[in-house]
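# only geometry, no sequence info:
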């Protein structure tokens, strides 16, 4: 008999059952894909680095002064061979270049990031992967795989041809695809690596100038003691990079920010699905209260009544979860795809996690239905039968009186409904709030990255920044400090001649061995050229005032244990120098692991690891508009397209702004989908429970339009509350959730850029409008309910 | 008296499972202003369908319904809704009300919605209170709808139907869900309203209720089988009136 009743129920209450089934499908889809993404992201970077074979420590040497030459072991290799803590190491030979070396087939220079690296696939000691996460095993002569965003940035396609011009060598190469490069593929490392065939790589080496001046090595070291390896190689010059696995992992921090956004989104969607699932089960059980009362009245036991409903929900949960599981696969892939362009992200459990997620939804649905039908026990048959037409028990409402209303009746009814039955709308508000807050957090992060708010974590603020990798390399190999200073003065004269009086400066980074409390380190330093140490911001202490004073970052403090007042021994070229720590400061250079020298400290270019952007400070205080105009002029004067203002320089240096923006739009899109689904399903649920009220309103003379407005306004109010709360909460939530991520990159003291129009008008407005539109479309169904339906209501 | 409602050749056909069901077949009658008409008949005879068709709540398949000189069968849904709001009042067997509103707010809701009702909001509320006072339910003005008896709720429904001073009040078995005492109270109020000039058309099964109407239409199988006019001679006793009505009903097979 129960199965017959169940069958009848499923046939008769099509609307409510369909709505509930849809919610179960949504919950399963969100939960299954969400859990899978969480597992994937949590283990993401480690899995990827292991798969690529990065090891525990990576050393990059560059420049022509290395003792290394083909067939002869270099200094670094000698050290690694003799260092006890090194378990194994792999060395690959590379050729360096700059973005000026790469052009399209018609001769237009192509954009590449930082110093470019050319190497052969067979000589590589790590694995590269293609867009389908398959290992790249073969590259034909005349073909190339490129890492990073080179293809997208230059709007190239697979199959396009590029020209590589380096010294006397010219190669025409066909792009086979993007290579996922575990070492250099992150936005933070950002060097573009061109992976060539042996033939093409040997062609490069056939040039003597390349052979003697542009060669370098990348060493992948397996060790349990990164610190000892770092200490052992601290005496080597020509080391451009020597960091442990943790730093390489950290380089993916921005990719992981995106990944974690999808992770948080997944968690939000899981919460959303539970909220709506609980609501809809509760609502459908209330709808069935009257029938429950009748069953109780004819003597059916509580347990049998409950088991019948639980069986119904179990049946629906099984069907819904199966559908949700199927949909979770493409949905989860879509989410993870937004992060996995640079990485190979997957987990070893495959779709078993999705199955587990779908199964959890079955359990939760059954649990919710069991809990919701618990009210069966508490009420007498009469309660259930007599308490109102829907079987709902009325309690004193906390609505507001019509006499106090200053609005039309539709809006009054909507406000009164929300105030009288807030529980019905809480799930909508929570859902919309979570989704909107998440979108706004990403909006705040992106706005900050695109602004100049972080500029002081890269150096001093200037009007314009010139990025010229070729020039930087030239400075590093052929200039001393005075030479660079003179070159800057020359450029100042050129600018002054063009009517732009200016002062130019730059920052030079060095790597020096340091001893503190008996331990040796190889640490990065930076020193302003054309600036004073006191021109920079410090978060604690005072700026270095003399050449034996230094400022350290909190990351350095954590790394070596030094505090303000401590003395470090820096092994400079001309002898050891005792330097006292006078301040802490923030920097995003080298992921925060840098020490600032006083401007008079006796540094030498032999230990230089890079020369950062050349900065232009105009002396005549031009307006922002003028600076933009001058930017174009400066581009022409120096024949360089990479002239940026402070905000553009920040965005360029951080590197993931574009990705963050696409994540922002992805999130907005998903929020629209959630808003649409929740609005349509909830509104349909409300209509099903309010047929009598809609019919009576129509009978007493309410037009279809007035009824539709009443329903639209209710969702409008809920959505309005949610988006306003989200707008307000997004600012502290961004600080709470995003600051630790910037902290990992070295920036802890900065102010977020909050674009008020975006945060309080554009995005909330779009979500609010979408809610109204979806509520309107669904509320059109009320037109089918006629005033004469009052006679058909049970 | 002028006819406020003219019903001409009204037909209503439902198609159910490919079978045509002619619920109303060429029904004709007029209602004059100030009349109180009862529509009677056995279950399934088409009483409620007739009431909904002549009040514009449902559309007739064919025929014409002139309400206050306007053909409502040619009106759009919106025009019909506005006519129901300002020109008609409705009372149903079930006392449907908006469950999140108090009794008074339910009563004044149509007044607030009406654009023709030019009273200030405060006066509309006073009007609602005055109607409640008149029907003896002013003390439940601030109650929720679950806190009052069926009789009180039906009187509140009468107040709501009267809030915009309708020309005609349509009632579908207004006492059907009430006990005898409540039923008498509600009928007393309806008679009082009729005496004050409101035209009332009601569907009922109850001969006691019918006895208080000025005219009775007896409908069988979608046709008016008979029409009974209550004697206008005031000297005839109530008992005699009931007897004559009963005789007429028995003649029709009631």
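Arrived safely. This structure is a prediction, so every number in the text was calculated from the model and none was measured.

# ramachandran angles for the residue in chain A positioned nearest to chain B?
Closest to chain B within chain A is residue A:701: 2.4 Å, counting by Cβ to the nearest Cβ. No exception for glycine: its C-beta is placed from N, CA and C like everyone else's. Main-chain torsions, residue A:701, degrees, to the nearest 10: phi 110, psi 10.

# report the contact partners of it.
Counting by Cβ atoms under 8 Å, 6 or more residues apart in numbering or on different chains, residue A:701 touches B:81-86, B:88, B:110, B:113-114, B:164.

# also near chain A: which of those residues, exactly?
Of the residues in those, proximity to chain A by Cβ under 8 Å from any Cβ of the partner chain holds for B:81-86, B:88, B:110, B:113-114, B:164.

# grab the longest helix from the chain for me.
Went with chain A since none was named. Longest helix of chain A, by residue count under DSSP state H: helix A:704-744.

# the chain in question should be chain B.
Under DSSP H, chain B gives helix B:180-195 as its longest helix.

# I'd like the next helix or strand past that helix.
The helix or strand immediately downstream of helix B:180-195 is strand B:199-203, counting by DSSP states H and E.

# quick one, helices of the stretch 101-250 of chain A?
A:150-153, A:198-205, A:208-213, A:226-232, A:245-251 (DSSP state H, counting those that start in this stretch).

# who are the packing partners of the fourth one?
If contacts are counted by 3 or more Cβ pairs under 8 Å, 6 or more residues apart in numbering or on different chains; DSSP states H and E, helix A:226-232 sits against strand A:57-61, helix A:75-82, strand A:239-244, strand A:519-529.

# now the helix or strand hosting residue A:650: average pLDDT?
Assignment of secondary structure by DSSP H and E places residue A:650 within helix A:646-654. What helix A:646-654 shows for mean pLDDT is 87.

# now stretch B:191-200
89.

# now do stretch A:714-721
Averaging pLDDT along stretch A:714-721 gives 96.

# what is the distance between that stretch and the centre of its chain?
In terms of Cα atoms, centre = their mean, to the nearest Å, the centre of stretch A:714-721 is set 29 Å apart from its chain centre.

# domain ranges for chain A, per the record?
By the assignment in automatic domain parsing, chain A contains the domains A:1-50+A:264-394, A:63-237, A:407-452+A:654-794, A:457-644.

# just give me the lowest mean pLDDT stretch among the ones you listed.
domain A:1-50+A:264-394 (a mean of 75).

# can you list contacts of stretch A:554-562?
Counting by Cβ under 8 Å, 6+ apart, A:514, A:516-517, A:519, A:521, A:523, A:539, A:552, A:563, A:568, A:581, A:584, A:586, A:591-595, A:746, A:748 sit against stretch A:554-562.

# and if you look at stretch A:96-116?
Applying Cβ under 8 Å, 6+ apart, the external contacts of stretch A:96-116 come out as A:62, A:117-118, A:148-150, A:153-154, A:156, A:160-166, A:172, A:190-194, A:214-216, A:469-470, A:473, A:641, A:655.

# so what strands line up beside the lengthiest strand in chain A?
When chain A is parsed with DSSP state E, its longest strand is strand A:502-516. Looking at strand A:502-516 with DSSP bridges, its partner strands are strand A:519-529 (antiparallel), strand A:567-572 (antiparallel), strand A:608-611 (antiparallel), strand A:614-618 (antiparallel).

# tilt between that strand and strand A:239-244?
Taking axes from the mean of the first three to the mean of the last three Cα atoms, to 10 degrees, one finds strand A:502-516 and strand A:239-244 inclined to each other by 50 degrees.

# adding mean neighbour count, write the helices of the stretch 101-250 of chain A out as JSON lines.
Shown next, in JSON lines, are the helices of the stretch 101-250 of chain A (neighbours: other Cβ atoms under 10 Å in any protein chain shown):
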{"stretch": "helix A:150-153", "mean neighbour count": "17"}
{"stretch": "helix A:198-205", "mean neighbour count": "18"}
{"stretch": "helix A:208-213", "mean neighbour count": "14"}
{"stretch": "helix A:226-232", "mean neighbour count": "20"}
{"stretch": "helix A:245-251", "mean neighbour count": "20"}
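
# among those helices, which comes closest to residue A:448?
Each of the helices of the stretch 101-250 of chain A was scored for nearness to residue A:448 using Cβ to Cβ, and the closest is helix A:245-251 (19.2 Å).

# what average pLDDT does the closest one get?
Per-residue pLDDT over helix A:245-251 has a mean of 76.

# before we move on, the earlier item: show me which of the contacts of stretch A:554-562 are buried.
A:514, A:516, A:521, A:523, A:552, A:568, A:581, A:584, A:586, A:591-595, A:746, A:748 (16 or more other Cβ atoms under 10 Å in any protein chain shown).

# between those, which sits nearest residue B:180?
Distances from residue B:180 to the buried ones among the contacts of stretch A:554-562, taken by Cβ to Cβ, are shortest for residue A:748, at 81.3 Å.

# distance of residue A:504 relative to residue A:465?
Distance check for residue A:504 against residue A:465: by Cβ to Cβ, to the nearest Å, it reads 11 Å.

# apologies, that question was intended for residue A:437.
To residue A:465, residue A:437 is 34 Å away according to Cβ to Cβ.
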